[in-house]
Structure formats: structure tokens, C-alpha cells
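> this one's structure only:
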């Protein structure tokens, strides 16, 4: 058996949705001083003497409302019955939080959907980022015989026939926070081993036979041919960016390239494949990560991103900046602020519902209640957001105003990517 624990992250204490469910408090820090006579706040003097007033009615109501929202959101994450779903996470440039989003989605799905097999495939070269973020041991410190399989090693094992059933997979890869992790290759493992679109397609086809949810931590850059291969086999595209002029520009550049991509001379895309790429762009989720809503510049660019996708099926999800996620340390959702956890849960629900719609459409199954066959709302239904109910308190004061679900195409982007 694998030497890596497959226990869930410590942030997930009991089965959410039950009356016994508990949610860990946010990151420890100095207690807030009492404001406006609110009970439940802690003064420094009371803290020194170990005396804390119990929460008053208003505070208890706020906590109960937040807990109920979380239960509903987790129930929404658990609802889709997926035969198979491949989620590709990409970005236009490095440092946007792409890997953080990928590992967060994996950890939440593994915790909320314990009967599913959640696999994270890390396609980053030179460093196994996702594996490290989920708490994997430094690969270099392990003997070669004890290293969990990398993406290239996994492909070779599939070709050689040493991995045939799920039990073989379970013993060969790292299990971190309930997620089966096929780590990225280190720099020395990339030398002399060719790995491209066809190899990724082989890996993803194999994983689809073994897992309900596969999250592919895809490529970075304005256009990665390797990522096209994963998108052609995917059900959902999650694009991670930042609230800046560069982030705004990268969305237009990447989406335009994928919409107009016809393949290479030696590998032209079929009409069906090009249509599939356009469908992924039409129903993509854009995660604006590390958002500081109090920063006027970030708030302005976040608003510009939302405006460009109003009236489309593209959902825009804000995710606040959080000190607990600032450094490359193992992911611990119990250490983040409550509003950050709420934002991550909302993001996970939006993404999985998109996977469910694509999955149903591919199998010719009826769409979810209240939607037309193409994923749009039935005209008789009242307007609602793709993500369902928003948290009781907006994330850093920012509401997701761009997750509407009406026409097919996003609003056209300015030719220059949008100026200031």
C-alpha cells in the first residue's frame, strides 16, 4: 500500500450537512476588541483573565446563517452524480494562484464527496507544485524506489501494463488529503523523456476509467499546445487570473487563441474538436484569485472582468487574498479566514455544476431543473446565479455579479485587451 496517508485534511471534521457537523474556526490571531457593544467580542483584559462573553443573539444568528449557507453549498457540491468529469485549470502567466485553485478544488471534492475518487494530475514541469502544496514529502529526499509516480512515470506504467486496475493506481501514487496525486516531474525526470498531447490524452483516458473527478493542473502561458490536448478531453475549463490590467489582457488573449485554434500542420483539429474548445470557453469559470477588494485598482479591474462577461454563461468567481495561502506551504483550509473558506466553497460549487452540465449534455441526459437544454435558464424561471446562494457576507465586500447564464458568447473583447 502507499506510504502516504489518504486521510482528509484536518479542516474537515465531520460530515457537513448533518446536525453534528462542525467547522473549524478561522486562523488564530489577536482577538478583536468589542465594537458597538456586541457580545461575543473579546477585550484584552478579558482575554488575559480567560473570560469571554458568550455570543449575543445577533452574533449567534450570523453564525447560524453562515453555517446554514455552508451546509447548502456543500449539499450543492455533493448533488451532481458524475460518471466522469475532467477539470483543466490554466492561467495566462505564472503567479496567479493556478495551483492553489487546483489543489483547493481537489481537497474540497475529496472531503465533500467521499464516495468519489478524486485524482489530481499535475502537468507542471520542473517542480511538482500541486504535490508539494498538498503536503507531499520532498521528492529529492526519497529513494527512487519510494517516490510516488510522476506524470511521465504514470504514462510509462500504463504503457507497460503495470497499472491495470484502480488498486494498482492506489499503490503507485501519493495520497494527500484524500486526493490521489499524480505529481509533476522534477527537472531531472524531464530530461530525455518526450511528453506531449498524445501522451496526456492517454493518461486522461486511463484516469477517466478509474475516477469520477480528475483535476488537471494544466499549463501556464498565453497558449500551450500541451494544454490543448487536455482540453480536448476535458469537461470544464477553469482560468485563474488576477485583478490587474495584465490579468484582464491575458483572459482575452488566451480565450481568443483557443476559440480560433485549428491545430497544427501535422495535427489539424476536426470540426468536432474545434466546437468542443469553443463550448469550453463559452462555459468557463474565471477565478480572480488573491483579490484585495479594498484596493481601488484591483476593484476596478475586477469590475472590468465582470462587465465583459455579463449576460454570458461564463462565471466569474472572486477569491480573496489570505495570509494563510501566501507562501508555498501545505494547504490547510482550516487556517484561512472564514470568508476565504466560503469563497473556496462557492468556487467549488460553480465549477462542479459546470462539469455536471457538460457531462449531462455529452450523455444526452436532461439538464438540471430550471435550465434549457443548452444550459441557459428557462425563460419562466427567475434570474439566479450559477453558484446558487452567495455567502451571508460578501467576500471582502465583493459580490459575484458576473455569473449570469443567458446567451452563448461572451461580450467581445477590445482589440488591445482593454486599457485603463
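Everything's here; your move. Nothing here was measured: the structure is a model prediction, and the numbers come from that model. Residues are numbered from 1 along each chain as shown.

> rest of the way, CA atoms for contacts and neighbours
Will do.

> Please identify the helix or strand for residue 290.
Counting by DSSP states H and E, the element that carries residue 290 is strand 285-291.

> Okay, now stretch 266-273: how far is its last residue from its first?
End-to-end distance of stretch 266-273 (CA to CA, to the nearest Å): 15 Å.

> residues of the longest helix along the chain that come out buried?
The longest helix of the chain (DSSP state H) is helix 338-363. Across helix 338-363, burial judged by 16 or more other CA atoms under 10 Å covers 338-360.

> okay, the angle between it and strand 285-291?
Relative orientation of helix 338-363 versus strand 285-291 (axes from the mean of the first three to the mean of the last three CA atoms, to 10 degrees): 170 degrees.

> Show me what helix 338-363 is packed against.
Under the contact criterion of 3 or more CA pairs under 8 Å, 6 or more residues apart in numbering; DSSP states H and E, helix 338-363 touches helix 57-78, strand 85-91, helix 98-112, strand 236-241, strand 285-291, strand 315-320.

> Rebuild these as a markdown table, extending it with mean neighbour count, mean pLDDT and distance to residue 136.
Output for these, formatted as a markdown table (neighbours: other CA atoms under 10 Å; pLDDT from 0 to 100; distance: least, CA to CA, whole Å):
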| stretch | mean neighbour count | mean pLDDT | distance to residue 136 |
| --- | --- | --- | --- |
| helix 57-78 | 17 | 85 | 26 |
| strand 85-91 | 26 | 90 | 20 |
| helix 98-112 | 24 | 93 | 12 |
| strand 236-241 | 27 | 94 | 23 |
| strand 285-291 | 24 | 95 | 23 |
| strand 315-320 | 27 | 94 | 25 |
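
> could the ones you listed go into a markdown table alongside distance to residue 275?
As requested, those are exported to a markdown table (distance: least, CA to CA, whole Å):
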| stretch | distance to residue 275 |
| --- | --- |
| helix 57-78 | 28 |
| strand 85-91 | 17 |
| helix 98-112 | 25 |
| strand 236-241 | 14 |
| strand 285-291 | 18 |
| strand 315-320 | 20 |
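
> out of the ones you listed, which comes closest to residue 185?
Nearest to residue 185, of all the helices and strands packed on helix 338-363, is helix 98-112, at 14.7 Å by CA to CA.

> could you point out which element follows the closest one?
Using DSSP H and E, the helix or strand that follows helix 98-112 in sequence is strand 118-122.

> ok so, going back, can you give me how far the longest helix of the chain is from the chain middle?
8 Å (CA atoms, centre = their mean, to the nearest Å).

> Stretch 182-202 now?
Offset of stretch 182-202 from its chain centre (CA atoms, centre = their mean): 23 Å.

> Then stretch 289-299?
Between the centre of stretch 289-299 and the centre of its chain there are 20 Å (CA atoms, centre = their mean).

> Any buried residues in it, and which?
289, 290, 291, 292, 293, 298, 299.

> Now that the second one has come up, it's in contact with residue 319, right?
It stands for residue 290. Yes: under the criterion of CA atoms under 8 Å, residue 290 makes contact with residue 319 at 6.0 Å.

> which SS class is residue 330?
coil (DSSP: H, G, I helix; E, B strand; the rest coil).

> ah, wrong one, I meant residue 155
Of the three states, residue 155 takes helix according to three-state DSSP.

> Which of the helices or strands spans the nearest residue to it once chain neighbours are set aside?
Spatial nearest neighbour of residue 155, excluding adjacent residues (CA to CA, 6 or more residues apart in numbering): residue 203 at 5.9 Å. Following DSSP H and E, the helix or strand that holds residue 203 is helix 197-208.

> Report the angle between that helix and strand 118-122.
Using the same axes, to 10 degrees: helix 197-208 against strand 118-122 is 160 degrees.

> just checking, what packs against helix 197-208?
Short answer (3+ CA pairs under 8 Å, 6+ apart): helix 197-208 packs on helix 151-160, helix 225-232.

> and the next element down the chain from that helix?
Next helix or strand after helix 197-208 toward the C-terminus (DSSP H and E): strand 213-220.

> Which elements pack onto that following strand?
Against strand 213-220 (3+ CA pairs under 8 Å, 6+ apart) you get strand 85-91, helix 98-112, strand 118-122, helix 225-232.

> Just checking: what are the partner strands of it?
strand 85-91 (parallel), strand 118-122 (parallel) (DSSP bridges).

> Of all those strands, which one comes closest to residue 234?
Of the strands paired with strand 213-220, nearest to residue 234 by CA to CA is strand 85-91, at 4.7 Å.

> low pLDDT regions in the stretch 201-350 of the chain?
Within the stretch 201-350 of the chain, the ranges that satisfy pLDDT under 70 run 219, 221-227.

> one step back: let me know which of the helices and strands packed on helix 197-208 is tucked in deepest.
Mean neighbour count (mean count of other CA atoms under 10 Å) peaks for helix 225-232 among the helices and strands packed on helix 197-208, with a mean of 20.

> which SS state does residue 275 fall under?
Put simply, residue 275 is helix when judged by three-state DSSP.

> Let's have the buried residues of stretch 289-299 in JSON lines, adding distance to residue 72.
Listed next are the buried residues of stretch 289-299 as JSON lines, based on distance: CA to CA, whole Å:
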{"residue": "289", "distance to residue 72": "23"}
{"residue": "290", "distance to residue 72": "25"}
{"residue": "291", "distance to residue 72": "25"}
{"residue": "292", "distance to residue 72": "26"}
{"residue": "293", "distance to residue 72": "25"}
{"residue": "298", "distance to residue 72": "30"}
{"residue": "299", "distance to residue 72": "28"}
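
> got the angle between the longest helix of the chain and strand 236-241?
150 degrees.

> wait, doesn't residue 102 sit right on residue 215?
Yes: in this structure, residue 102 is within contact of residue 215 by CA under 8 Å, at 6.8 Å.
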